[in-house]
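Novice: Please find the sequence and the predicted model below.
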Amino acid sequence: MEKLTQEKTLVLIKPDGIKRGLIGEIIRRIEQRGLKVIALKMIQVTEGQIDGHYPKDAAWTHRLGEKSLGTYSKYGIDPVEALGTDNADEIGKMVRSWIVKYLTSGPLVKMVVEGVHAIDMVRKLCGNTLPNLADMGTIRGDYSVDSPALANSGKRAVHNIIHASENPEEAKHELAYWFTPQEIHDYKRAEEDIMF
């Protein structure tokens, strides 16, 4: 039971979220949900740090390219005309480089969030990774209108405010990558006795 209440996940508030003054609002929504922030820091990341955060495997890069090709198809855009290629692997590499450039364009806030089903709960709070598809009431649905069609046409990453680990394996990697054990704190929120 204790393991369920102490699930941990990584959250990154991206440069657009910081520049728009959403740090407090994002933390408020996390804490309001009954989750707790157990590590928090603002940092300016390097390309190397972001490169190490995201997978480099061919399947992940190919998936990025396929998503972009799907967007181009949906909106009737010729990828060869727009990007010079229709190869999913080449497009995936482009998109990955846009993501790195976006995340190094300003400071990030990194945090560890803990609580019952923290990974799923935070993902639910964030909303769909594509803001134009995110439900109202989610962070992305309430604070971003960006879309992959708009981002791809500008040869940039989708500005979607926040990153949250997608699953336990990703959370384990990302938590160890961004924080040392000494930076992660343990405390009890007042309502924990009531909630659990």
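Specialist: Looks like it arrived, so ask away.

Novice: If you rank every helix and strand of this structure by mean pLDDT, what lands last?
Specialist: Across the helices and strands of the chain, mean pLDDT, DSSP states H and E gives its lowest value to helix 2-5, namely a mean of 72.

Novice: contacts for that one?
Specialist: With Cβ atoms under 8 Å, 6 or more residues apart in numbering as the test, helix 2-5 has contacts from Gly115, Val116, His117, Glu192, Phe196. From N, CA and C alone the C-beta is placed, and that goes for glycine too.

Novice: Could you do stretch 70-78 as well?
Specialist: Contact partners of stretch 70-78, identified using Cβ under 8 Å, 6+ apart, comprise Pro79, Ala82, Pro148, Ala149, Asn152, Ser153.

Novice: Assess the claim that the first one and Met94 are in contact.
Specialist: No: with the criterion set as Cβ atoms under 8 Å, Pro79 and Met94 do not qualify as a contacting pair; they are 10.4 Å apart.

Novice: With only the CA atoms kept, save the least confident helix or strand of the chain in PDB.
Specialist: Below are the C-alpha coordinates for helix 2-5, written out as PDB (Å, rounded to 0.1, in the frame of the first residue of the first chain):
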ATOM      1  CA  GLU A   2       2.800   2.400   0.900                       C
ATOM      2  CA  LYS A   3       4.300   1.900  -2.600                       C
ATOM      3  CA  LEU A   4       1.100   3.100  -4.200                       C
ATOM      4  CA  THR A   5       1.000   6.300  -2.200                       C
END
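
Novice: just how off-centre is that helix within its chain?
Specialist: Helix 2-5 sits 24 Å away from the centroid of its parent chain (Cα atoms, centre = their mean, to the nearest Å).

Novice: Same check on stretch 49-69?
Specialist: Here stretch 49-69 is found 14 Å from its chain centre; the criterion is Cα atoms, centre = their mean.

Novice: Likewise for stretch 13-28?
Specialist: 12 Å.

Novice: i'd like the first residue to be 381 from this point on
Specialist: Right, with 381 as the first residue, what we last looked at is stretch 393-408.

Novice: May I have it as PDB, with CA atoms only?
Specialist: C-alpha atoms of stretch 393-408 as PDB (Å, rounded to 0.1, in the frame of the first residue of the first chain):
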ATOM      1  CA  ILE A 393       7.900  23.100 -16.800                       C
ATOM      2  CA  LYS A 394       9.200  24.100 -20.200                       C
ATOM      3  CA  PRO A 395      10.500  27.600 -21.200                       C
ATOM      4  CA  ASP A 396       7.100  28.700 -22.600                       C
ATOM      5  CA  GLY A 397       5.400  27.800 -19.300                       C
ATOM      6  CA  ILE A 398       8.000  29.800 -17.400                       C
ATOM      7  CA  LYS A 399       7.900  32.800 -19.700                       C
ATOM      8  CA  ARG A 400       4.100  32.900 -19.300                       C
ATOM      9  CA  GLY A 401       4.300  32.900 -15.500                       C
ATOM     10  CA  LEU A 402       2.600  29.500 -15.100                       C
ATOM     11  CA  ILE A 403       5.000  28.000 -12.500                       C
ATOM     12  CA  GLY A 404       2.700  28.700  -9.500                       C
ATOM     13  CA  GLU A 405      -0.500  27.700 -11.400                       C
ATOM     14  CA  ILE A 406       1.100  24.300 -12.300                       C
ATOM     15  CA  ILE A 407       2.300  23.600  -8.800                       C
ATOM     16  CA  ARG A 408      -1.100  24.700  -7.400                       C
END
